[in-house]
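Visitor: no FASTA, just this:
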């Protein structure tokens, strides 16, 4: 038993594995977080653009909803859903227009993989949901 405890063969391998896993985490965590934040920012930017256009148009036309979906799909998002209280209706000046964009998260598995290295939680949902409200500026 004493010989077994004094045996140091393989210690270098174990030290390497510990150091390599920490090194991989410190390299991949910023990449995963950057992709996650970039995705959320991209959806927020499209929501802001949609709110501005809807404010001037007095609602969310089907053409605007299709344009938002096309722009987000061109940026790599697969499932895009546009909801609004003013979808294909006219909202007069001073009334609220609510728009919700819901897109499927494209980096969920990468983020979950990196977070599992430290025992952290993964993403709570497969969807990125952004909601915004603006007052209509439409005058008939």
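Guide: Sure thing, it's come through. Treat the numbers as computed from the prediction; the structure is a model and nothing was measured.
Visitor: all helices of the chain, in order?
Guide: With DSSP state H, the ranges of helices along the chain come out as 2-6, 11-57, 62-74, 108-117.
Visitor: Any idea which of those gets closest to residue 86?
Guide: Closest to residue 86 of the helices of the chain, according to CB to CB: helix 11-57, at 6.6 Å. In short, each C-beta sits where N, CA and C put it, glycine included.
Visitor: Quick check: which helices or strands does the closest one pack against?
Guide: Here helix 11-57 touches helix 62-74, strand 96-104, helix 108-117, strand 127-135, going by 3 or more CB pairs under 8 Å, 6 or more residues apart in numbering; DSSP states H and E.
Visitor: Show me the contact partners of the first one.
Guide: For helix 62-74, contacts defined as CB atoms under 8 Å, 6 or more residues apart in numbering pick out 42-43, 46, 49-50, 53-54, 57, 80, 82, 84, 87-88, 101, 103.
Visitor: Highest mean neighbour count out of the helices and strands packed on helix 11-57?
Guide: Comparing those by mean neighbour count (mean count of other CB atoms under 10 Å), strand 96-104 ranks first with a mean of 19.
Visitor: Give me the contacts around it.
Guide: 43, 46-47, 50-51, 54-55, 59-60, 68, 72, 77-86, 91, 126-136.
Visitor: partners of that strand, with directions?
Guide: In the sheet, strand 96-104 lines up against strand 80-84 (antiparallel), strand 127-135 (antiparallel) (DSSP bridges).
Visitor: okay, those strands in a markdown table with mean pLDDT next?
Guide: Shown next, in a markdown table, are the strands paired with strand 96-104 (pLDDT from 0 to 100):
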| stretch | mean pLDDT |
| --- | --- |
| strand 80-84 | 94 |
| strand 127-135 | 92 |
